[in-house]
Structures are given as C-alpha cells and as structure tokens.
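Undergrad: Show me how the following folds:
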Amino acid sequence: MPDFPQYLLESLICFLLFAGYYRFLLKNSASFGFKRWYLRILPVAAMGLPLLSSYFTQEPFKTAEISKMAIENWLAVKIPSFSLSLETVFQAIFFAGFGIAAFRLTDRIWDIRHFLDHKNNRPNYAFGWQGNTTVCFSQLLFSWEHWSPEEKDAWADKWLPVHPVFGWEFLLVEIFYALNWWNPAAHWYRNQWREIYSSGIQQPSAQPSAAWKLAGTMFPLTVAVSYFIILPQKNSPTLLAGQWGNDQLKKVVFEHKKPPAGNYTFEWGQVIIPLTKYANPNGFKGHIEIELTDFQQVLKEEIKIYRGDQLLKPGTLSILYRSGSSDERAYINDINPAEVVLKDRRNQKIYNDKLGYGDELTLFGETEDIYLSSIQLRITDPKAGYEPVVQVPDIDHHEADFSFQITGRTGKRTLVKIDSDHPNAWRILELYKDSSRYEIVKIPGFRTNRRYVTENEALLSRFSAAEFDLTPGLPDVNYLPEYQDYQNLEVSLRWGTLEAAPSSGNYMLEEFTSASGETPVLWVGEKSFSLTAFEVIFAGKNSVPFSYRTDHLDYFSLRQALSRVQPESSVYFDRIVVQDEDGVLKLFPAAFAFHIGQSEKK
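TA: Numbers count the residues shown, from 1 in each chain. Take a look at the predicted model:
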C-alpha cells in the first residue's frame, strides 16, 4: 500500500479528474438518476483507484514480457499464492464503513441543495447579510434530519439567500465523522454539534469566567505537551500498544498456496539438464559436459524448459560463448529458442560451425516463472591439461536496468540495496519494510543486472577455505554501489604479463612467478583502475585453499603465499573495489582467475 501522504495526493487527483468530468460534461446533459449515482461513486473511485497499483503489482520492475505472461496466467485462471492478514481485513472494513458514510453524506447534501434551489436561493456574492452566516447555515445543515418541513420552510423564509460556502463547518464535522465512523468518540463529537444547533441558540447558557476558560484550555494542552514532548518515547505506553497492535495485525488469518511445482529441467535436443535452485526467489542453474559431435547435433534442436511435464514459455534468452583454445569470447543476446544461431552482433560472426574442444556456452535469461541464472554447456577437451577447481562466471554485459538488489545472508537480515531516487522505490520499501528481517541500504542512482544474489555466489563460498583479513577498515562490499560503465567494453585484469578476461589460459609456473611481483590493474576498455580492495584466493588440485582480504599484495604473508604457488593451481581475485572518476568507491561485479598449468622444469 502506498505511503499515506502519497495516497492522499493520488486520491485528490482522482477526485479532481472525476469531478471535472462531471462539472464540464455531465452536469448539464446527463439525466437526474445518472448524475446522482455518478456523484455517489465519485468518492469511492477517488479512494479505491490509488490502491490498485499496489494490490495488482506483485513483482515490481518486471519487463514487458513478464507482465504479459502474468496477464496470461490470470486469464488461464491460475490463482497466485496470497495471504490474508488481519491488517487487510481491518483495511477492508474501514474503507467499507467510510464508503457507506460518504454515500449518506452525499445523499443529505443532495437533498439540501435541492431544497435551497426550490426556495430560489440565489446569492450574488460570498458574503452573507446575516450577522453570522456560518451559524445560520449550520443550524439548517446540522438539524436537517430532525426538522419538519414546516421548520425548514420557516428557516428559509428568515435567512435566505445564503451562499453554500458557509457550509464549511458542517462539511468539516461530517468528513471527520466519515473518516472516523468506527470511533465512538466521533459519534459523540458529531452529536455535540447537533445539540448545539438544536438547543444552544434558543437557550443560551451562562458564560464561564475568564479564569475557567483559561483553565479549560491549559489543562489538556499541558497534558499533551507533557506526554508527547517531555515523556521519553521509549516509555510511551501508546508506542508499546501500537507496536503490539501492529504485530497482531500482521497475523495471517487465511493463506492460499500454489501446489508445489514439479522439478525444472532444461532440454536442448537430447541434452537434459536438471535445474537446481540457485538464488531466491526464482533463480536456477545447471551444467553439463558434452562431446563435440553430440553438441553439433544439439545446436540444430529447439531449447525447451519444463516444469514437471509442463512446457514453459521462454522469455529473453542470451548466451555467453568462451573459446577453450583462445581468449575469444562472444555475447549472443536475444536468441531464438526454436532455431539457435550463435551470432555475435558486434562483429556479425557466427559460431555454430566454429565450436571446438574446451569451448563453453553459458545460457541465461527468463522463462515463464523462473530465471535461468546460469546453464553451462562445456565441450569435452580430450587433450585438456589442468582444469581449475572452480570456473569464474563470465562477465555479465546485460544492461543494468534493475534499481534494487536483494542479498541473502546466512544468519543475518536480508540486505536490500535500492536506488532511493527511483520513482517506484516506495514499492520495494513497502515490500521489505519489516526491519526485523530486512536491512535497507539506500544508494541514490544504484543500478545492477543482478536482482537476487546470495552468499553462495561469492567465490569463497565454493571453497572450504581459511580466510584472513590483512588490511583493517576495508569497505564492506555489501553496502557499495556497483560499477556499471563496462557494458560493451573489453574487461580484463592484467597482472604483469598475465591477463584474465575473466579467466586466463594455463600459464607456465615460471610465467606466473615472474609476473606475480607486479601490481594487478583492472582494464575497462581504455581505462585502467587500481584495486582499492579485493579478495585473493589460492586453490589447486593438490593444495588446501585459503584467501586474504587486502588492499595490496605487498604483505609478507601474501608474498610468501605467491612464492609457494604450485603447478595445477589457480589464483582468484573477487570482491574487487575500485574508485570511479568521481572518487566514489564501487564494487566491480565480476571475478577473475589466473591459472597455472605445468612448470617448464617438468
């Protein structure tokens, strides 16, 4: 539900739109019955329409394709999972009561207006000739339901003409009553006004002294100031009662859950890959190694994704190609699942007939109800040498069009990073407003191409590695914006004569030893960046993995570790922090790996 000030503003805009339509088009042309019903519906429309966006938008920031699929699901009568809390029930009761009170108020105003027109009330200006026009008009308005026709006629003969603007006092009381129809105090307050105008004018009471007036004013004022200003809020009983009530309203009284979905599988011809959950709420991944001849046949087939036995409609799918024999890479976006053409639109090169041993294709994109985070198909290389323990993911060159990111953390509150300046930021803040479960980090201008991430995506989580912090006070990457000015540019980490983009080939041990004394530099196109902070991980086939969190490689323990690197091992760089042109620290959303094959001395 939108914030209350926003709701009031949107309700006002809706009201003005409907009222303007009535004033300029319906008033002088529509029938009596139609106009009356239109005026009845007007306040309900003004209250209800601003709520539709929050109740019908279940997942914000979706693409057009996903929105279309959601509509198709509704047309297919697939009821999504939902829960009904006490808060929702009380909101429905509140707005129903307010709607009834608004209907009754519009009926009374309609009758009063018809009576005044019948009495030829035609004031020429908004100033009354009466001594106190507001009092005179309010006497009629508040007594309308209790006066007889003769009493109303007598009032009209005595006080007309009177301008409708002097009914402001009556409207103020009635609108307050309509908003607080559920509160017995509001009924009492309304009845006091009726009593004043039914008997107070004819039977004036004795006036209290000035001292009693002052006391009557200062006592409630003093109590209110003492409670809201002097009394500490942590000791406020209403604060505690409000927190208790808020907890009670969050209790679910009814819940509808979709039946458990079947297992998801990715099929490409004869290749069938079971998909596993990768990231909440709907990220899945899978991988397979396949012979070259088999893969050449697979390329001629259609890509299909299944939930159990049900075929899902694919959305936008893309493929990252990486050659196993060179540093060549290609980004193939928006592929046709029925007829896959591996065409790099940057250079118009087609790779369908150029695949070789060791090549790797990583497919990702959206389907009907899940996100394919990473589907890796690797062509077996019979002559391959050292195979790294862990392969780093390819750099994602998708446009960073998400303005929020959800990070799942074990044993901690889920982290929600969000662009606080985005016009739809309130939707995310409303969804994740429970501070006991979510931690909000507002970063103006935040952009990412990864909506949902978990700690399992960090390279260190894939190793059973000891972790050492060498540099105190390094920035926590979970709270940093991402550097996103690398799309469509060549990205590599250069370390002396070594280069990883994002993985290197297998270097000789002597090449690595010679280059490891240099300082690694991140290159994005023609720009170079020093590494402000990073995590370096050592792992190999015959060694125990370990990692260091640091800002440079000149620590003695790090130099010792670099000098002891053995053949068939890898050195990974992850959680890299760079400083952009404006001096802002940003996380570079990619990892790099340098692989060491054999030694020349072998």
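
Undergrad: From residue 316, how far off is residue 334?
TA: Relative to residue 316, residue 334 is positioned 6 Å away (CB to CB, to the nearest Å). C-betas here are computed from N, CA, C, even on glycine.

Undergrad: Low-confidence stretches in the stretch 51-200 of the chain?
TA: Per-residue confidence for the stretch 51-200 of the chain (pLDDT under 70) gives these ranges: 51-83, 124-131, 185-186, 188-189, 193, 195-196, 198-200.

Undergrad: Could you do the stretch 401-550 of the chain as well?
TA: Applying pLDDT under 70 to the stretch 401-550 of the chain picks out residues 455-457, 460, 464.

Undergrad: Helix, strand or coil: sort out the residue sitting nearest the centre point of the chain for me.
TA: In the chain, the centroid-proximal residue (CA atoms, centre = their mean) is residue 428; its distance is 2.9 Å. Secondary structure, DSSP: H, G, I helix; E, B strand; the rest coil: residue 428 is helix.

Undergrad: before we move on, the earlier item: neighbour count for residue 334 and residue 316, which is higher?
TA: Taking neighbours as other CB atoms under 10 Å, residue 334 and residue 316 compare with residue 316 leading, 15 against 9.

Undergrad: got a list of what residue 434 touches?
TA: For residue 434, the contact set (CB atoms under 8 Å, 6 or more residues apart in numbering) is empty.

Undergrad: any chance you could map the helices in this structure?
TA: For the chain, the helices defined by DSSP state H cover 4-21, 32-56, 64-75, 86-118, 133-143, 149-159, 168-179, 184-195, 210-225, 237-249, 292-298, 425-431, 509-515, 556-563.

Undergrad: What distance do you get for the residue nearest to the centre of the chain to residue 403?
TA: Taking CB to CB, one finds residue 428 at 8 Å from residue 403.

Undergrad: same thing with residue 97?
TA: 38 Å.

Undergrad: Looking only at neighbour counts, state which of these two leads.
TA: Remark: of residue 97 and residue 403, residue 403 carries more neighbours, 23 against 15, as counted by other CB under 10 Å.

Undergrad: Could you pull up the contacting residues of the more buried one?
TA: 61, 418, 419, 422, 424, 425, 446, 447 are the contacts of residue 403 under CB under 8 Å, 6+ apart.

Undergrad: and residue 331, bridged to which residues?
TA: Using DSSP bridges, the bridge partners assigned to residue 331 are residue 320.

Undergrad: Make sure it is actually in contact with residue 347.
TA: No - applying CB atoms under 8 Å as the test, residue 331 and residue 347 come out as separate, 10.7 Å apart.

Undergrad: Show me which of the two is the more surrounded one.
TA: residue 331 (18 against 7).

Undergrad: Can you give me every residue that contacts the more buried one?
TA: 318, 319, 320, 321, 344, 346, 397.

Undergrad: Any chance of these in CSV with neighbour count, distance to residue 482 and pLDDT as columns?
TA: Formatted as CSV, the contacts of residue 331 follow (neighbours: other CB atoms under 10 Å; distance: CB to CB, whole Å; pLDDT from 0 to 100):
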residue, neighbour count, distance to residue 482, pLDDT
318, 17, 19, 91
319, 22, 23, 91
320, 21, 19, 90
321, 20, 24, 89
344, 17, 25, 85
346, 9, 23, 82
397, 17, 14, 79
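
Undergrad: How about residue 394: what's its closest non-neighbour residue?
TA: residue 320 (4.2 Å; CB to CB, 6 or more residues apart in numbering).

Undergrad: need the contact list for that neighbour.
TA: If you count contacts by CB under 8 Å, 6+ apart, residue 320 has them with 329, 330, 331, 332, 361, 362, 364, 394.

Undergrad: still on that earlier bit, please report the distance of the residue nearest to the centre of the chain from residue 418.
TA: 5 Å.

Undergrad: so what's in contact with those two at the same time?
TA: The contact sets of residue 428 and residue 418 overlap at residue 404 (CB under 8 Å, 6+ apart).

Undergrad: before we move on, back to that, what about the contacts of residue 320, which one has the most neighbours?
TA: Counting neighbours by other CB under 10 Å, residue 361 leads these with 24 neighbours.

Undergrad: Which strand runs longest in this protein?
TA: Identified as the longest strand of the chain according to DSSP state E is strand 569-579.

Undergrad: Need the contacts of residue 403 in TSV (columns: neighbour count and distance to residue 511).
TA: Putting these into TSV (neighbours: other CB atoms under 10 Å; distance: CB to CB, whole Å) gives the following:
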residue	neighbour count	distance to residue 511
61	15	46
418	23	44
419	21	43
422	19	47
424	15	50
425	18	49
446	23	39
447	18	37
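
Undergrad: looking at it, residue 494 is touching residue 519, isn't it?
TA: No - with contact defined as CB under 8 Å, residue 494 does not reach residue 519; the gap is 9.8 Å.
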